[in-house]
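A.B. asks: Quick one, fold the following:
(one chain, ligands or ions: 1)
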Amino acid sequence: MTDVIDGEAVAADIRDSLSGSIDRLNAEGIEPGLATVLMSDDPASETYVSMKQRDCEAVGIDGIHVEIDTDAPAAELYDTIEELNGDPGVHGILVQMPLVDGIDSRRVLRSIDPMKDVDGFHPENVGRLVAGNDRYRPCTPHGIQKLLEAYDIETEGADAVVIGRSNIVGKPLANLLLRKADDGNATVTVCHSRTHDLEEKTRSADIVVAAVGIPELVDAGMVREGATVIDVGVNRVDADTEKGYELVGDVDYEGVAEVAGAITPVPGGVGPMTRAMLLYNTVKAAGLQNDVDVELP
Ligand code: NAD
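C.D. replies: This is a model prediction of the structure:
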(Lines give C-alpha, C1' and ligand atoms only; values in the text may rest on other atoms or scores of the structure.)
Protein backbone atom coordinates (compact mmCIF):
# COMPACT_ATOMS: atom_id res chain seq x y z
CA MET A 1 0.00 0.00 0.00
CA THR A 2 1.35 3.38 -0.94
CA ASP A 3 1.20 6.08 1.71
CA VAL A 4 -0.19 9.32 0.32
CA ILE A 5 1.64 12.00 2.28
CA ASP A 6 -0.94 14.51 3.41
CA GLY A 7 0.76 17.90 3.44
CA GLU A 8 -2.43 19.72 4.41
CA ALA A 9 -2.74 17.63 7.58
CA VAL A 10 0.92 17.95 8.60
CA ALA A 11 0.83 21.70 7.90
CA ALA A 12 -2.29 22.02 10.07
CA ASP A 13 -0.45 20.23 12.91
CA ILE A 14 2.48 22.62 12.57
CA ARG A 15 0.16 25.64 12.62
CA ASP A 16 -1.62 24.27 15.70
CA SER A 17 1.59 23.67 17.55
CA LEU A 18 2.76 27.20 16.76
CA SER A 19 -0.12 28.63 18.75
CA GLY A 20 1.59 27.86 22.09
CA SER A 21 4.68 29.77 20.96
CA ILE A 22 2.55 32.69 19.76
CA ASP A 23 0.76 32.76 23.14
CA ARG A 24 4.15 32.83 24.83
CA LEU A 25 5.17 35.85 22.73
CA ASN A 26 1.83 37.57 23.30
CA ALA A 27 2.29 37.13 27.05
CA GLU A 28 5.48 39.19 26.71
CA GLY A 29 3.56 41.86 24.78
CA ILE A 30 4.95 40.75 21.41
CA GLU A 31 2.83 40.12 18.35
CA PRO A 32 4.93 38.37 15.71
CA GLY A 33 4.95 40.41 12.49
CA LEU A 34 5.66 39.38 8.91
CA ALA A 35 6.10 41.93 6.13
CA THR A 36 5.61 40.82 2.55
CA VAL A 37 6.94 43.03 -0.22
CA LEU A 38 5.69 42.71 -3.78
CA MET A 39 7.25 44.46 -6.75
CA SER A 40 5.78 42.53 -9.62
CA ASP A 41 2.52 42.22 -11.49
CA ASP A 42 2.85 38.50 -12.00
CA PRO A 43 -0.57 37.06 -11.02
CA ALA A 44 1.01 33.95 -9.45
CA SER A 45 3.17 36.14 -7.19
CA GLU A 46 0.13 38.20 -6.20
CA THR A 47 -1.69 35.00 -5.27
CA TYR A 48 1.27 33.66 -3.26
CA VAL A 49 1.57 36.88 -1.28
CA SER A 50 -2.12 37.06 -0.50
CA MET A 51 -2.10 33.43 0.65
CA LYS A 52 0.82 34.21 2.97
CA GLN A 53 -1.09 37.17 4.40
CA ARG A 54 -4.17 35.00 4.97
CA ASP A 55 -2.04 32.38 6.70
CA CYS A 56 -0.64 35.04 9.06
CA GLU A 57 -4.09 36.23 9.99
CA ALA A 58 -5.28 32.69 10.69
CA VAL A 59 -2.59 32.01 13.31
CA GLY A 60 -2.28 35.43 14.95
CA ILE A 61 0.74 36.86 13.12
CA ASP A 62 0.52 40.52 12.18
CA GLY A 63 0.74 40.60 8.38
CA ILE A 64 2.03 43.80 6.82
CA HIS A 65 1.93 44.06 3.06
CA VAL A 66 3.85 46.58 0.98
CA GLU A 67 3.33 46.87 -2.74
CA ILE A 68 5.78 48.78 -4.87
CA ASP A 69 4.95 50.02 -8.35
CA THR A 70 6.68 47.93 -10.98
CA ASP A 71 7.98 51.11 -12.64
CA ALA A 72 9.26 52.67 -9.41
CA PRO A 73 13.03 53.12 -9.07
CA ALA A 74 14.94 50.33 -7.32
CA ALA A 75 15.74 52.81 -4.52
CA GLU A 76 12.11 52.65 -3.43
CA LEU A 77 12.44 48.93 -2.81
CA TYR A 78 15.71 49.36 -0.88
CA ASP A 79 14.23 52.18 1.20
CA THR A 80 11.23 50.01 2.03
CA ILE A 81 13.46 47.14 3.12
CA GLU A 82 15.57 49.48 5.24
CA GLU A 83 12.47 50.83 6.92
CA LEU A 84 11.19 47.31 7.64
CA ASN A 85 14.65 46.29 8.91
CA GLY A 86 14.37 49.05 11.49
CA ASP A 87 10.75 48.41 12.48
CA PRO A 88 10.61 46.51 15.80
CA GLY A 89 7.06 45.32 15.00
CA VAL A 90 8.34 43.48 11.92
CA HIS A 91 10.18 40.25 12.72
CA GLY A 92 10.20 38.69 9.28
CA ILE A 93 10.61 40.22 5.83
CA LEU A 94 9.78 38.37 2.66
CA VAL A 95 10.41 39.94 -0.72
CA GLN A 96 8.36 37.98 -3.22
CA MET A 97 10.46 36.69 -6.12
CA PRO A 98 10.78 37.03 -9.04
CA LEU A 99 11.09 40.82 -9.03
CA VAL A 100 10.52 42.98 -12.08
CA ASP A 101 13.35 42.94 -14.63
CA GLY A 102 16.24 45.21 -13.88
CA ILE A 103 16.31 44.72 -10.11
CA ASP A 104 19.30 42.86 -8.74
CA SER A 105 17.67 40.14 -6.66
CA ARG A 106 20.96 39.15 -4.97
CA ARG A 107 21.44 42.69 -3.77
CA VAL A 108 17.85 42.74 -2.54
CA LEU A 109 18.37 39.54 -0.55
CA ARG A 110 21.58 40.96 0.93
CA SER A 111 19.78 44.12 2.02
CA ILE A 112 17.37 42.26 4.30
CA ASP A 113 18.49 42.10 7.95
CA PRO A 114 19.64 38.45 8.28
CA MET A 115 17.74 38.21 11.59
CA LYS A 116 14.53 39.04 9.69
CA ASP A 117 15.31 36.89 6.66
CA VAL A 118 12.57 34.32 7.22
CA ASP A 119 13.04 32.90 3.71
CA GLY A 120 16.59 31.96 4.69
CA PHE A 121 18.08 33.28 1.44
CA HIS A 122 20.48 35.92 2.83
CA PRO A 123 24.09 34.80 2.25
CA GLU A 124 24.72 34.80 6.00
CA ASN A 125 21.84 32.37 6.56
CA VAL A 126 22.84 30.26 3.55
CA GLY A 127 26.37 30.03 4.96
CA ARG A 128 25.10 29.07 8.39
CA LEU A 129 22.93 26.34 6.92
CA VAL A 130 25.79 24.88 4.92
CA ALA A 131 28.01 24.99 8.02
CA GLY A 132 25.39 23.02 9.97
CA ASN A 133 24.48 25.93 12.22
CA ASP A 134 21.23 27.05 10.61
CA ARG A 135 19.14 30.00 11.79
CA TYR A 136 16.21 29.95 9.36
CA ARG A 137 15.83 26.93 7.13
CA PRO A 138 14.29 27.81 3.75
CA CYS A 139 10.60 26.97 3.94
CA THR A 140 10.21 24.38 1.19
CA PRO A 141 13.18 22.17 2.17
CA HIS A 142 12.28 22.48 5.84
CA GLY A 143 8.69 21.54 5.04
CA ILE A 144 9.93 18.45 3.20
CA GLN A 145 11.97 17.45 6.25
CA LYS A 146 8.88 17.81 8.42
CA LEU A 147 6.86 15.64 6.01
CA LEU A 148 9.49 12.90 6.12
CA GLU A 149 9.54 13.09 9.90
CA ALA A 150 5.74 12.99 10.19
CA TYR A 151 5.63 9.81 8.13
CA ASP A 152 8.60 8.18 9.92
CA ILE A 153 10.64 8.10 6.75
CA GLU A 154 14.20 7.50 7.85
CA THR A 155 16.83 9.73 6.27
CA GLU A 156 19.77 8.29 8.21
CA GLY A 157 21.88 6.31 5.77
CA ALA A 158 19.22 6.64 3.07
CA ASP A 159 20.18 7.28 -0.54
CA ALA A 160 18.44 10.52 -1.43
CA VAL A 161 18.34 11.92 -4.94
CA VAL A 162 17.38 15.57 -5.24
CA ILE A 163 16.51 16.59 -8.79
CA GLY A 164 17.05 20.34 -9.16
CA ARG A 165 19.81 22.59 -7.84
CA SER A 166 18.00 25.87 -7.25
CA ASN A 167 18.97 28.10 -4.35
CA ILE A 168 15.47 27.92 -2.92
CA VAL A 169 14.82 24.18 -3.02
CA GLY A 170 17.42 21.78 -4.40
CA LYS A 171 20.64 23.13 -2.88
CA PRO A 172 19.34 23.87 0.63
CA LEU A 173 17.48 20.56 0.77
CA ALA A 174 20.58 18.64 -0.29
CA ASN A 175 22.54 20.39 2.45
CA LEU A 176 19.92 19.70 5.08
CA LEU A 177 19.65 16.02 4.20
CA LEU A 178 23.42 15.77 4.31
CA ARG A 179 23.79 17.30 7.77
CA LYS A 180 24.99 15.21 10.66
CA ALA A 181 21.61 15.28 12.38
CA ASP A 182 18.62 13.04 13.04
CA ASP A 183 16.72 14.59 10.14
CA GLY A 184 19.80 14.38 7.91
CA ASN A 185 22.57 11.78 7.66
CA ALA A 186 21.50 10.82 4.14
CA THR A 187 23.79 10.08 1.23
CA VAL A 188 22.73 12.80 -1.16
CA THR A 189 23.02 12.99 -4.93
CA VAL A 190 21.99 16.23 -6.61
CA CYS A 191 20.85 15.96 -10.24
CA HIS A 192 20.18 18.81 -12.65
CA SER A 193 19.68 19.71 -16.28
CA ARG A 194 23.17 18.47 -17.27
CA THR A 195 22.96 15.16 -15.41
CA HIS A 196 23.64 12.14 -17.61
CA ASP A 197 21.26 9.27 -17.11
CA LEU A 198 18.94 10.72 -14.49
CA GLU A 199 17.01 7.47 -14.41
CA GLU A 200 20.04 5.49 -13.32
CA LYS A 201 20.44 7.83 -10.32
CA THR A 202 16.79 7.91 -9.28
CA ARG A 203 16.21 4.19 -9.65
CA SER A 204 18.61 3.35 -6.87
CA ALA A 205 17.28 5.99 -4.46
CA ASP A 206 15.34 5.43 -1.24
CA ILE A 207 14.08 9.02 -1.42
CA VAL A 208 13.53 10.96 -4.65
CA VAL A 209 12.74 14.66 -4.52
CA ALA A 210 11.71 16.34 -7.77
CA ALA A 211 12.14 20.12 -7.83
CA VAL A 212 12.46 20.85 -11.51
CA GLY A 213 9.42 22.52 -13.05
CA ILE A 214 8.83 19.97 -15.82
CA PRO A 215 5.39 18.34 -15.71
CA GLU A 216 5.57 14.63 -14.91
CA LEU A 217 9.29 14.31 -15.56
CA VAL A 218 9.58 11.46 -13.07
CA ASP A 219 7.74 8.35 -14.21
CA ALA A 220 7.22 4.91 -12.70
CA GLY A 221 10.22 3.44 -14.51
CA MET A 222 12.51 5.88 -12.69
CA VAL A 223 11.46 4.88 -9.19
CA ARG A 224 12.48 1.87 -7.14
CA GLU A 225 9.71 -0.21 -5.56
CA GLY A 226 8.89 1.17 -2.11
CA ALA A 227 10.82 4.45 -2.48
CA THR A 228 9.56 7.73 -1.09
CA VAL A 229 8.78 10.33 -3.75
CA ILE A 230 8.46 14.00 -2.88
CA ASP A 231 7.05 16.19 -5.63
CA VAL A 232 7.89 19.87 -5.30
CA GLY A 233 6.88 20.88 -8.82
CA VAL A 234 3.91 23.11 -9.48
CA ASN A 235 3.22 23.32 -13.21
CA ARG A 236 0.23 24.80 -14.96
CA VAL A 237 -0.85 22.67 -17.89
CA ASP A 238 -3.72 23.45 -20.24
CA ALA A 239 -6.86 21.60 -19.24
CA ASP A 240 -10.57 21.65 -19.81
CA THR A 241 -11.32 23.29 -16.45
CA GLU A 242 -12.97 26.54 -15.43
CA LYS A 243 -9.57 28.25 -15.25
CA GLY A 244 -8.35 26.63 -18.45
CA TYR A 245 -5.47 24.87 -16.70
CA GLU A 246 -4.71 22.42 -13.95
CA LEU A 247 -1.74 22.05 -11.62
CA VAL A 248 0.49 19.06 -12.03
CA GLY A 249 3.73 18.16 -10.34
CA ASP A 250 7.08 17.03 -11.65
CA VAL A 251 6.01 13.44 -10.98
CA ASP A 252 3.58 11.30 -12.92
CA TYR A 253 1.45 10.75 -9.83
CA GLU A 254 -0.78 7.95 -11.07
CA GLY A 255 2.06 5.85 -12.44
CA VAL A 256 4.56 6.48 -9.63
CA ALA A 257 1.97 5.84 -6.90
CA GLU A 258 1.84 2.24 -8.19
CA VAL A 259 5.47 1.63 -7.22
CA ALA A 260 6.35 4.17 -4.51
CA GLY A 261 6.09 3.39 -0.80
CA ALA A 262 5.04 6.98 -0.10
CA ILE A 263 4.28 9.92 -2.36
CA THR A 264 3.18 13.54 -2.07
CA PRO A 265 0.28 14.72 -4.21
CA VAL A 266 0.16 18.03 -6.10
CA PRO A 267 -1.60 20.02 -4.85
CA GLY A 268 -1.76 19.10 -1.15
CA GLY A 269 1.76 17.84 -0.55
CA VAL A 270 4.75 20.16 -0.33
CA GLY A 271 2.88 23.43 -1.04
CA PRO A 272 0.99 23.68 2.28
CA MET A 273 4.21 22.85 4.13
CA THR A 274 6.08 25.72 2.49
CA ARG A 275 3.39 28.07 3.77
CA ALA A 276 3.39 26.61 7.28
CA MET A 277 7.17 26.82 7.60
CA LEU A 278 7.10 30.53 6.80
CA LEU A 279 4.88 31.01 9.84
CA TYR A 280 7.28 28.83 11.82
CA ASN A 281 10.27 30.99 10.81
CA THR A 282 8.37 34.18 11.63
CA VAL A 283 7.58 32.93 15.13
CA LYS A 284 11.18 31.83 15.54
CA ALA A 285 12.35 35.27 14.36
CA ALA A 286 10.09 37.05 16.86
CA GLY A 287 11.51 34.87 19.64
CA LEU A 288 15.14 35.43 18.62
CA GLN A 289 14.70 39.20 18.30
CA ASN A 290 13.11 39.50 21.71
CA ASP A 291 15.08 36.91 23.62
CA VAL A 292 11.98 34.86 24.24
CA ASP A 293 12.52 31.12 24.23
CA VAL A 294 9.70 29.96 21.95
CA GLU A 295 9.44 26.21 21.82
CA LEU A 296 9.01 25.18 18.22
CA PRO A 297 7.62 21.95 16.82
P1 NAD B 1 14.36 26.40 -10.84
O2 NAD B 1 13.80 26.65 -12.19
O3 NAD B 1 15.10 27.46 -10.14
O4 NAD B 1 15.32 25.13 -10.93
C5 NAD B 1 14.97 24.00 -11.65
C6 NAD B 1 16.09 23.00 -11.57
O7 NAD B 1 15.75 21.87 -12.35
C8 NAD B 1 17.42 23.51 -12.09
O9 NAD B 1 18.39 23.32 -11.09
C10 NAD B 1 17.72 22.64 -13.30
O11 NAD B 1 19.10 22.31 -13.42
C12 NAD B 1 16.88 21.41 -13.05
N13 NAD B 1 16.46 20.79 -14.30
C14 NAD B 1 15.91 21.39 -15.39
N15 NAD B 1 15.65 20.47 -16.33
C16 NAD B 1 16.03 19.28 -15.84
C17 NAD B 1 16.02 17.95 -16.35
N18 NAD B 1 15.55 17.67 -17.55
N19 NAD B 1 16.49 16.97 -15.56
C20 NAD B 1 16.96 17.23 -14.31
N21 NAD B 1 16.99 18.47 -13.78
C22 NAD B 1 16.55 19.48 -14.53
O23 NAD B 1 13.18 25.81 -10.00
P24 NAD B 1 12.75 25.89 -8.45
O25 NAD B 1 12.54 27.28 -8.08
O26 NAD B 1 13.61 25.01 -7.61
O27 NAD B 1 11.33 25.19 -8.59
C28 NAD B 1 11.16 23.89 -9.11
C29 NAD B 1 9.70 23.56 -9.18
O30 NAD B 1 9.19 23.56 -7.86
C31 NAD B 1 8.83 24.56 -9.94
O32 NAD B 1 7.77 23.86 -10.54
C33 NAD B 1 8.30 25.46 -8.86
O34 NAD B 1 7.06 26.07 -9.21
C35 NAD B 1 8.11 24.50 -7.74
N36 NAD B 1 8.18 25.05 -6.39
C37 NAD B 1 7.22 24.65 -5.55
C38 NAD B 1 7.25 25.07 -4.23
C39 NAD B 1 6.19 24.59 -3.30
O40 NAD B 1 6.10 25.09 -2.20
N41 NAD B 1 5.41 23.59 -3.67
C42 NAD B 1 8.26 25.92 -3.78
C43 NAD B 1 9.26 26.29 -4.67
C44 NAD B 1 9.22 25.83 -5.98
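A.B. asks: Next, count neighbours for the closest residue to residue 187 other than its chain neighbours.
C.D. replies: Excluding its sequence neighbours, the residue lying closest to residue 187 (Cβ to Cβ, 6 or more residues apart in numbering) is residue 159, at 5.2 Å. (C-beta placed from N, C-alpha, C; glycine too.) The local packing of residue 159 (other Cβ atoms under 10 Å) involves 16 other residues.
A.B. asks: how near is residue 159 to residue 199?
C.D. replies: Going from residue 159 to residue 199 by Cβ to Cβ, to the nearest Å gives 15 Å.
A.B. asks: Next: residue 205.
C.D. replies: Between residue 205 and residue 199 the distance is 11 Å, computed by Cβ to Cβ.
A.B. asks: Compare the two (neighbour count), which wins?
C.D. replies: Comparing residue 205 with residue 199 by neighbour count (other Cβ under 10 Å), the higher total belongs to residue 205, at 25 against 13.
A.B. asks: element containing the more buried one?
C.D. replies: For residue 205, there is no host helix or strand (DSSP states H and E).
A.B. asks: can you tell me which residues contact the nearest residue to it once chain neighbours are set aside?
C.D. replies: Closest residue to residue 205 apart from its sequence neighbours, by Cβ to Cβ, 6+ apart: residue 161 at 4.0 Å. Residue 161 makes contact with 188-191, 201-202, 205, 207-209 under the criterion Cβ atoms under 8 Å, 6 or more residues apart in numbering.
A.B. asks: for the residues you listed, which one is nearest residue 12?
C.D. replies: Distances from residue 12 to the contacts of residue 161, taken as Cβ to Cβ, are shortest for residue 209 (22.3 Å).
A.B. asks: Tell me the residues of the chain that contact the ligand?
C.D. replies: 140, 163-166, 168-170, 191-193, 195, 198, 211-214, 232-235, 270-271, 274 (Cβ under 6 Å from any ligand atom).
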